[in-house]
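Visitor: Model the following, please.
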Amino acid sequence: MIDWLVALCAALIGAGAALAGSVISARSTRAAGERQADAALHTLRLSLAEQRTVRILDQRRQTYARFLEAADTVAVTRRTGEGQPTDLPDLQRAYSTVLLEGPEQPAGAASALLDSLRGQASLDDIDARRNEFIESARSALSDAAGRADQ
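Guide: Okay, the predicted model is just below:
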């Protein structure tokens, strides 16, 4: 009879140990799953932030390019005397978009270029304002890209 009681106690101890091992294993598996989920969520957030930055930079680049194209069209019209009646309104619309996109330095340089194209500025002055806008736009784009890399 004692053998039977020893066997029963051993079976109960074994079952208890198996149950405790299952509980511990489940908890550690759950904790590992939560850590993996947190890491995946963090990676997703970083990826979305990077994609947003790339999208914003691309939109700014396109805005600056449209303004520059419109400014070049008006400058060619001033040089040749041939152009379209819509050249200045196109330039004004492109300028308004630069103001919305910013930042301040390219918007200021765009304003100076627009003023020189509207006024009686010399072609050399227009070229100088154009170059200032290009440098300002490049600087703004590279600064924003640099901040995104950090």
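
Visitor: got a pLDDT number for the residue nearest the centre of the chain?
Guide: Averaging the C-alpha coordinates of the chain gives a centre point, and the residue nearest to it by CA atoms, centre = their mean is Thr53 (0.3 Å). Looking at Thr53, its pLDDT stands at 85.

Visitor: what's the helix or strand for it?
Guide: helix 2-80 (DSSP states H and E).

Visitor: who's in contact with the helix or strand just after that helix?
Guide: Past helix 2-80, further along toward the C-terminus, the next helix or strand under DSSP H and E is helix 87-101. Around helix 87-101, the neighbours that count as contacts under CB atoms under 8 Å, 6 or more residues apart in numbering are 59-60, 63-64, 66-67, 69-71, 73-74, 77, 106-107, 110-111, 114, 117-118. In short, each C-beta sits where N, CA and C put it, glycine included.

Visitor: From those, list just the buried residues.
Guide: When neighbours are counted using 16 or more other CB atoms under 10 Å, the contacts of helix 87-101 contain these buried positions: 60, 63-64, 66-67, 70-71, 73-74, 77, 106-107, 110, 114, 117.

Visitor: Between which two of the residues you listed is the distance greatest?
Guide: Comparing all pairs in the buried ones among the contacts of helix 87-101 by CB to CB, the longest separation belongs to Arg60 and Thr77, at 26.1 Å.
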